[in-house]
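Engineer: next come a sequence and a model predicted from it.
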Amino acid sequence: MNNPASITITPVHVADLLAEGELMPVYVHVIDHLTVLCCDLAVRPLGAKVLSGPGGRGRVIVPGNSFADYIFFIGGLFGHYGSSDVTVMLALVRLFRTCVEVLPANSDRLDVLDQAAAAALADAERSIPRPTDLERVRSAVTSLRSKINLQRQP
């Protein structure tokens, strides 16, 4: 990651969980912690590794997840389970935006983040009942996709 100090952890109370008689607050900052991890993954080489023995003899392929695998998995889970909550969806879009900010211009990973943003918006449009809340998500996604398009330009 280029500038770890640029990521802030902002806890937002979204629910309370009753566990063994104790009330425990649930905060959205979990997504912000994922942001730190995703930004680190955004700038690392990922995917399968091909290892060869001495002299090129023998070959082992070690499977590994791609950046797209991680982003679509995270986006899909939060989109499925949290898409009706505007706070969760805005935090998810913020995660994608922060990943865009650490990527170099014209990175192929920008396409992944653009697709993930579109999927997040589709999830929100299916689930968020209040028009003003949905407009906040639409605005955040529109802003993110504009930022992605700027990063694509030479």
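Structural biologist: Noted; the coordinates are in hand. Remember, predicted model here, so these are calculated numbers, not experimental data.

Engineer: identify the single longest helix in the chain, thanks.
Structural biologist: Secondary structure of the chain per DSSP state H: the longest helix is helix 131-152.

Engineer: identify all contacting residues around that helix.
Structural biologist: Residues outside helix 131-152 that contact it (C-beta atoms under 8 Å, 6 or more residues apart in numbering): 86, 89-90, 93-94, 96-97, 100-101, 103, 105-107, 110, 113-114, 117-118, 120-121, 124-125, 128. For the C-beta atoms, the positions are set from N, CA and C on the backbone; glycine is no exception.

Engineer: assumed residue 129 was part of a strand.
Structural biologist: No - Residue 129: not assigned to a strand; according to DSSP: H, G, I helix; E, B strand; the rest coil it is coil.

Engineer: mind listing what it touches?
Structural biologist: By C-beta under 8 Å, 6+ apart, the residues touching residue 129 are residue 84.

Engineer: neighbours of residue 37, how many?
Structural biologist: 12 (other C-beta atoms under 10 Å).

Engineer: list buried residues within the contacts of helix 131-152.
Structural biologist: Among the contacts of helix 131-152, the ones that count as buried by 16 or more other C-beta atoms under 10 Å are 86, 89-90, 93-94, 96-97, 100-101, 103, 107, 110, 113-114, 117, 120-121, 124, 128.
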